[in-house]
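next input, structure requested:
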Amino acid sequence: MKKLLSLFLMFIFIFITGCSDEKNVSDKIEPQYDTVTKTIHQIAMLCEDGKIIGNNMHYKDSITKDWEDVIEIKEISLEVESGIDMIFGMIGLKKDGTVIISDIGDKYFSYPYIFTDEVNYDEKYKKSYKEKIKSLKNIVDIAFGYHNIYALKEDGTIDVINTYEDANKIKIENMENDIFYEDESEKYKEYLSEKERIIEEIENLKNVKAIESAEEHFVAILDDGSVIYKNFGDYENKIFEKISEWENISKIEICNFLVVGIKKDGTIVYEEKEENLNNRISKKWKNIKNVAIDSENPFCNYIIAVKEDGKILYSETKNNYDFSELEKWENIENVYTSCGFVIGIKKDGSIVTCGDIKQKNLNKEEVKNLKVNK
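Coordinates of the predicted model:
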């Protein structure tokens, strides 16, 4: 009888501890490694052998065999005062937990908006943040947004590297030495001080399991499935503030106009800048494992989702994109989309596409053995 009672109590203990909802949430949360990065003009893809292929990659010559152990890629850009966002490099997360950076394309861009006299920023100042990148260790996830490289460490904390730090110092010096902008320098210092405060808050976070960023938006998923949101842009802009109330989140995709969360039960939640998605997402959306959103077009706001069975769901779009072909896709692990163009990565690493592939200057026959992150 005592043996039976002991076995019964042991079963109850295993059941309670093994089926804890909190434990399941944490186990389901893991970094969403991006093996494809895309903009309107460029696509870069990470292959299973660590090679990176794509189009319009000005920095491609600097991506050598040092990148062969890369498991995630992110493009980094510089937003100049004119408001133009210029792609100028790539960072990669390696298997050993270090981070590698490509050349910054100093032969292609100069930055007259930053300097009184035209100065080659990369040639003169790139070493400061590049050295910081080289010192990163035990990294499990990376993200980039608003001049910041975010590196999530194994211990659940985050290092933030501001790639614009040197340029800001020079800009302040130029303002102080220019009679027309002298009064503006103090305002700009206050502006930068607020940015530094937010960075400090991010670096003080603990128990982080995954991170994502897009332009001025930063999100972190904690080990209990809750979400931390920070905004580096318009501090009065509260469009995504509600995502801090989300619970049981396992993955997040975010752009400047839309944020989508996948819950541990396979359902989705979202917040958007414009209410375009209302009544376009079916309540039948269940068993979702990955989602893709259009980060380039503020008027699209559509979602493409991958189900656990490898099939695709998609919301209707106001741009008249024809996504009916997606209904035929099978064995899909992940999807990426930009302006109605969709890339699906299958379990075997091959790809399927929907939309005008020629518009992206991409040769599908050359794209073989892409890295699949499940």
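
could you list the residues in contact with the longest helix along the chain?
Among the segments of the chain that qualify as a helix by DSSP state H, the longest is helix 184-203. Where contact means CB atoms under 8 Å, 6 or more residues apart in numbering, the residues beyond helix 184-203 that reach it are 148, 150, 157-160, 162, 168, 171-172, 175-176, 218, 220, 230-232, 235. No exception for glycine: its C-beta is placed from N, CA and C like everyone else's.

list only those of those residues flagged as buried.
The neighbour count (16 or more other CB atoms under 10 Å) marks 148, 150, 158-160, 162, 168, 171-172, 175, 218, 220, 230-232 as buried among the contacts of helix 184-203.

so which of these comes closest to residue 129?
Set against residue 129, the nearest of the buried ones among the contacts of helix 184-203 by CB to CB is residue 162 (7.2 Å).

I'd assumed residue 147 was in contact with that closest one.
Yes: contact between residue 162 and residue 147 holds when scored by CB atoms under 8 Å: they sit 5.9 Å apart.

circling back to that earlier point, looking at the contacts of helix 184-203, which are in strands?
Applying DSSP state E to the contacts of helix 184-203, the entries found in strands are 148, 150, 158, 159, 160, 162, 218, 220, 230, 231.

pLDDT weak spots in the stretch 151-300 of the chain?
Of all residues in the stretch 151-300 of the chain, those with pLDDT under 70 make up the ranges 180, 234-238, 274-280, 282-283, 295-300.

now do the helices in it.
With DSSP state H, counting those that start in this stretch as the definition, the stretch 151-300 of the chain shows helices at residue ranges 165-176, 184-203.

deepest-packed of the ones you listed, please.
helix 165-176 (a mean of 17; mean count of other CB atoms under 10 Å).

only C-alpha atoms, please: export that one in CSV.
What follows is helix 165-176 as a C-alpha-only set of coordinates in CSV (Å, rounded to 0.1, in the frame of the first residue of the first chain):
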residue,chain,number,x,y,z
GLU,A,165,27.6,57.4,-31.3
ASP,A,166,30.6,58.9,-33.1
ALA,A,167,28.5,60.7,-35.6
ASN,A,168,26.4,62.2,-32.9
LYS,A,169,29.5,63.6,-31.2
ILE,A,170,30.7,65.2,-34.4
LYS,A,171,27.3,66.6,-35.1
ILE,A,172,27.2,68.3,-31.7
GLU,A,173,30.7,69.7,-32.3
ASN,A,174,29.6,71.1,-35.6
MET,A,175,26.5,72.7,-34.1
GLU,A,176,28.5,74.3,-31.3
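
what helices and strands are in contact with that helix?
For helix 165-176, the packing partners by 3 or more CB pairs under 8 Å, 6 or more residues apart in numbering; DSSP states H and E come out as helix 121-134, helix 184-203.

distance to residue 263 added to these, as a markdown table?
Rendered in a markdown table, the data for those read as follows (distance: least, CB to CB, whole Å):
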| stretch | distance to residue 263 |
| --- | --- |
| helix 121-134 | 34 |
| helix 184-203 | 24 |
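
wait, which of those is closest to residue 74?
Taking CB to CB, helix 121-134 is the member of the helices and strands packed on helix 165-176 nearest to residue 74, at 11.9 Å.

ok, then the element right after the closest one?
Downstream of helix 121-134, the next assigned helix or strand under DSSP states H and E is strand 139-145.

for residue 345, see how far away residue 262 is.
Residue 262 sits at a distance of 17 Å from residue 345 (criterion: CB to CB, to the nearest Å).

ok, now residue 250?
Residue 250 sits 19 Å away from residue 345 when distances are taken as CB to CB.

do residue 213 as well
Here the criterion is CB to CB. By it, residue 213 lies 22 Å from residue 345.

who has more neighbours, the two?
Regarding residue 213 and residue 345, a neighbour count based on other CB atoms under 10 Å identifies residue 345 as having more, with 25 against 22.

pLDDT of the helix or strand harbouring the more buried one, averaged?
Under the assignment given by DSSP H and E, the secondary-structure element containing residue 345 is strand 341-346. Mean pLDDT, strand 341-346: 86.

so what's the residue count around residue 181?
Taking other CB under 10 Å as the definition, residue 181 ends up with a neighbour count of 16.
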